[in-house]
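> quick one, fold the following:
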Amino acid sequence: MIGQKEAESAFLEAWAAGRLHHAWLLAGPQGMGKAAFAGRAARFLVTHGKENNGGAPLTFADPGDAAAGRLVDAGNHPEILTLARAPKEKSKELARNITIDQVRQMIRRLHLSLSLGEWRVIIVDAVDDLETDGANALLKTLEEPPAQTLFLLVSHSPGRLLPTIRSRCRTLRFQPVERDVMQSWLHAKRPMLDAAEVRAIAGAAGGVPGKALALIDSDVAAMEKKLLAIATSGDPGNRLREALAREVGGTSNRERLELVIDIVPGLLTRIARERPITEIAPVLAQWDRVQRTVRDAIRGSYDGAMVGFEIGNCLAELAPREGTR
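Next comes the predicted model:
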């Protein structure tokens, strides 16, 4: 968890004051740490009392009751229930949705008395994955929640949820992490990365910690160097663009194409910052062109080689012209 101090503070302040809302919607892009937040909040509640009663301010790191904490760490605490997509039968793949049967099973548990501690916590990860019937069943429970039961609903697309579900929740929005905070975190987490790699990963991640971790093994710095060479030289013979198209073309190279798509916005931002204000307009124009290319590719056949070459064309347009080098 990085960069989400405000969310943690808001939750703990409500708990300390005895005004903890029964349902919290954890909203933001995938990879922001919402599920990790839900897990830490659940652990805190089942290892502490109902409220702080005027004691010293606490954080999620406070261990609380040791015995309850050991049960949480072992994944065996009876009062933490998690709803998530289940593995398909005889397969490692996950089901498409959280089913109505899973929701009904959870609701039956809510009718039982607490067996340990003063809180029961229901984590739904993600509430976006609920079947329609499951969403309606959850809504009825949110409308008449059992005492001392807290719902933590993880949502990557809160705008797609039933408005009535959103209205029953207090929303915590998880904002992108600032770049300097992300770079410090990456350096601490992966000290073997050099400064160029850390900068490239932080730029490509767009403030999303989960994406940054996924990019660590993707050789981001090397790809950024290739793209920057096109923007610097203009690639007059198309050699660099053709090589890029080959590298990201075909279904087997889809991850490398997605890496390029992730890197380019941060690279264009960096180029814009390094240029005089009178030369920023062409960079913004190519930014728009890249976005259109990606949108058109997603709507169409998604020819990776074509997308890669066109992104290369956008970057080549930014090369200094003769007489301005």
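> and Gln286, which helix or strand is it part of?
For Gln286, the enclosing helix or strand under DSSP states H and E is helix 280-299.
> what does Val121 give?
Going by DSSP H and E, Val121 is part of strand 120-125.
> and that strand, how far from the chain's centre?
Remark: strand 120-125 is offset 19 Å from the chain centroid, using C-alpha atoms, centre = their mean, to the nearest Å.
> who does it pair up with?
Sheet pairing here is set by DSSP bridges, and for strand 120-125 it gives strand 80-83 (parallel), strand 149-155 (parallel).
> now do the next helix or strand after it and strand 149-155, the angle between them.
Note on strand 120-125: by DSSP H and E, the next helix or strand toward the C-terminus is helix 132-143. Orientation note: helix 132-143 sits at an angle of 140 degrees relative to strand 149-155 (axes from the mean of the first three to the mean of the last three C-alpha atoms, to 10 degrees).
> export helix 132-143 as PDB, just CAs?
Output in PDB follows, covering the C-alpha atoms of helix 132-143 (Å, rounded to 0.1, in the frame of the first residue of the first chain):
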ATOM      1  CA  THR A 132     -27.400  -9.400 -11.900                       C
ATOM      2  CA  ASP A 133     -29.300 -11.600  -9.500                       C
ATOM      3  CA  GLY A 134     -26.300 -11.500  -7.100                       C
ATOM      4  CA  ALA A 135     -26.100  -7.800  -7.300                       C
ATOM      5  CA  ASN A 136     -29.800  -7.500  -6.400                       C
ATOM      6  CA  ALA A 137     -29.400  -9.900  -3.500                       C
ATOM      7  CA  LEU A 138     -26.500  -8.000  -2.200                       C
ATOM      8  CA  LEU A 139     -28.500  -4.800  -2.400                       C
ATOM      9  CA  LYS A 140     -31.200  -6.200  -0.200                       C
ATOM     10  CA  THR A 141     -28.600  -7.000   2.400                       C
ATOM     11  CA  LEU A 142     -27.000  -3.600   2.200                       C
ATOM     12  CA  GLU A 143     -30.500  -2.000   2.700                       C
END
